[in-house]
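Novice: structure for this input, please:
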Amino acid sequence: MNPRESILQISESMNAAILGQEAVVERLLIALLADGHVLLEGLPGTAKTRSIKTLSSLIESQFSRVQFTPDLLPSDVTGSEIYREQNATFEFQQGPVFGNLVLADEINRAPAKVQSSLLEAMEERQVTVAGKTHRLPNLFLVLATQNPIEQEGTYPLPEAQMDRFLLYVNVDYPIGENELAIMRLVRQEKAAAVKKLPVPISQDVIFEARKQVFEIHVAEAAEQYIVDLVLATRNPERREGKLASWIRLGASPRGTIALDAAARAHAWLNNQDFVSPDNIREVTPACLAHRVHLSYEAEAEGVSRTDVIEELLKTVVAV
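Specialist: Next up, the predicted model:
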């Protein structure tokens with residue numbers, strides 16, 4: 001079985017376990033292939049945690065979970081130095097961030113100190129404790145969740161941290177017929193004594209798939225389209241339409257890098273050997289929505305970041 005077949009097997013298994021969330025599954029696989037972190041935002045009960053745990057079960061990986069709360073300490077995430085009395089030395093005890101797939105559940109419930117400790121891990125793939133630097137595993141993804149409507153006991157994520165997420169994924173409620181299928185699926189799972197899962201694929205398969213994704217060809221016209229999209233968020237006054245009145249601050253160069261990486265992964269998943277404008281358009285909402293900052297006028301009008309990206313895609317046309 002080649003890397004693409006293995007990844008498609010993961011996709012099939014996830015879609016069988018998470019009904020009606022095909023777009024979420026695809027975005028998680030894109031993040032896995034592009035070696036980037038994901039922020040899943042959605043109401044409770046929309047299978048955010050289930051999606052991440054299912055993905056972890058299908059890969060030979062160490063899964064760890066951090067339930068973010070207001071009283072969480074940085075050492076609860078990164079680990080800490082433990083004094084060993086028997087030999088009078090300090091020993092570093094790894095925290096949950098040293099897993100391969102790290103579920104940061106309700107990430108916006110943690111205070112600033114905890115967010116800053118996670119920031120180093122997400123960007124530099126390392127943590128520093130007591131002046132010593134510890135490298136994280138080669139396969140390392142932060143998969144974070146947050147509730148969009150709950151405000152009590154939450155802390156808005158710093159813009160610098162939002163920018164570290166490769167993708168932002170909005171998880172909506174499933175449609176009616178999927179709701180019935182979900183009820184039956186959960187009933188079957190509870191009735192089954194043993195849940196049969198496919199054999200997890202090795203991390204080497206993931207690394208080989210990433211190598212193939214990196215080799216996907218991006219033509220100069222496609223590169224220019226990516227740059228034009230990002231520049232339009234920074235200079236919306238140069239474009240027709242409502243962008244100028246909706247955008248207060250545009251995407252950073254990380255947005256450009258994210259679009260390039262995610263478009264390659266999307267093309268690879270669709271068995272293409274080059275990136276097309278359609279690939280770029282498909283991943284633009286997930287790559288740029290959390291990097292665009294709305295103006296007060298847009299917020300007053302009830303305009304969402306998704307609305308802004310839709311307008312952006314209408315305004316900026318591929319050459």
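
Novice: contacts and neighbour counts: CA atoms only from here.
Specialist: Fine.

Novice: just say helix, strand or coil for the residue in the chain sticking out farthest from the centre.
Specialist: Going by Cα atoms, centre = their mean, the residue of the chain most distant from its centre is Gln86, 43.1 Å out. When classified by DSSP: H, G, I helix; E, B strand; the rest coil, Gln86 comes out as coil.

Novice: what does the one 5 residues further on give?
Specialist: Applying three-state DSSP to Glu91 yields a three-state assignment of strand.

Novice: do Leu103 as well
Specialist: strand.

Novice: I'd like the mean pLDDT over stretch 235-244, please.
Specialist: In this model, stretch 235-244 carries a mean pLDDT of 89.

Novice: residues of that stretch that come out buried?
Specialist: Buried residues in stretch 235-244, counted by 16 or more other Cα atoms under 10 Å: 236, 243-244.

Novice: check stretch 312-319 too.
Specialist: Here stretch 312-319 shows 312, 315-316, 318 as buried, counting by 16+ other Cα under 10 Å.

Novice: how long is it end to end?
Specialist: One end of stretch 312-319 to the other measures 15 Å (Cα to Cα, to the nearest Å).

Novice: please work out the average pLDDT along it.
Specialist: On average, stretch 312-319 scores 89.

Novice: and for it, what's in contact with it?
Specialist: 221-222, 225, 228-229, 232-233, 239-241, 243, 277, 281 (Cα atoms under 8 Å, 6 or more residues apart in numbering).

Novice: redo that, cut-off 10 Å
Specialist: Under the criterion Cα atoms under 10 Å, 6 or more residues apart in numbering, residues 221-222, 224-226, 228-233, 236, 239-243, 276-278, 280-281, 284-285, 306, 308-309 lie in contact with stretch 312-319.

Novice: next one: stretch 126-138
Specialist: Residues from elsewhere that reach stretch 126-138, judged by Cα under 10 Å, 6+ apart: 35, 62, 74-75, 77-81, 92, 94, 97-101, 117-122, 124-125, 203, 207.

Novice: repeat that with 7 Å
Specialist: Contacts to stretch 126-138, defined as Cα atoms under 7 Å, 6 or more residues apart in numbering, come from residues 78, 80, 98, 100, 120-121, 125.

Novice: quick one: which of those sit in helices?
Specialist: Using DSSP state H, the members of the contacts of stretch 126-138 that fall in helices are 78, 120-121.
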